[in-house]
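>>> This is the structure alone, sequence omitted:
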């Protein structure tokens, strides 16, 4: 078994490279993962009235989270719902 001696400078260079690589990996993660918007912003995203969004919420068509008097919607879930309900148009 052979040993390899690492200098402080080599160790520091390794650390810098590792941190850089980790930052790059984290920056590539899904930006929508933890993003939440209030009701008015969600309604704008879906191009609908807030009252329509409330009806969808009551019917269980779109997931939401409630904190006090505020209702929040996950941007990721909004996109999932849009993708799930996509309609493909076939030309005549």
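Received the coordinates, thanks. Values in this document were obtained by computation on a predicted structure and should not be read as measured data.
>>> List the buried residues for stretch 59-66?
For stretch 59-66, the neighbour count (16 or more other Cβ atoms under 10 Å) marks 62, 64 as buried. From N, CA and C alone the C-beta is placed, and that goes for glycine too.
>>> Give me the distance between it and the centre of its chain.
Centroid separation for stretch 59-66 versus its chain: 17 Å, with Cα atoms, centre = their mean, to the nearest Å.
>>> gap between the two ends of that stretch?
16 Å (Cα to Cα, to the nearest Å).
>>> do stretch 58-66 as well
Terminal residues of stretch 58-66 lie 13 Å apart, using Cα to Cα.
>>> What are the contacting residues of that stretch?
36, 53, 56, 57, 71, 72, 73, 74, 77, 78, 81 (Cβ atoms under 8 Å, 6 or more residues apart in numbering).
>>> What lies in contact with the lengthiest helix in the chain?
The residue-count maximum for a helix in the chain (DSSP state H) belongs to helix 8-27. Residues from elsewhere that reach helix 8-27 (Cβ under 8 Å, 6+ apart): residue 6.
>>> rerun at 10 Å
For helix 8-27, contacts defined as Cβ atoms under 10 Å, 6 or more residues apart in numbering pick out 4, 6, 7.
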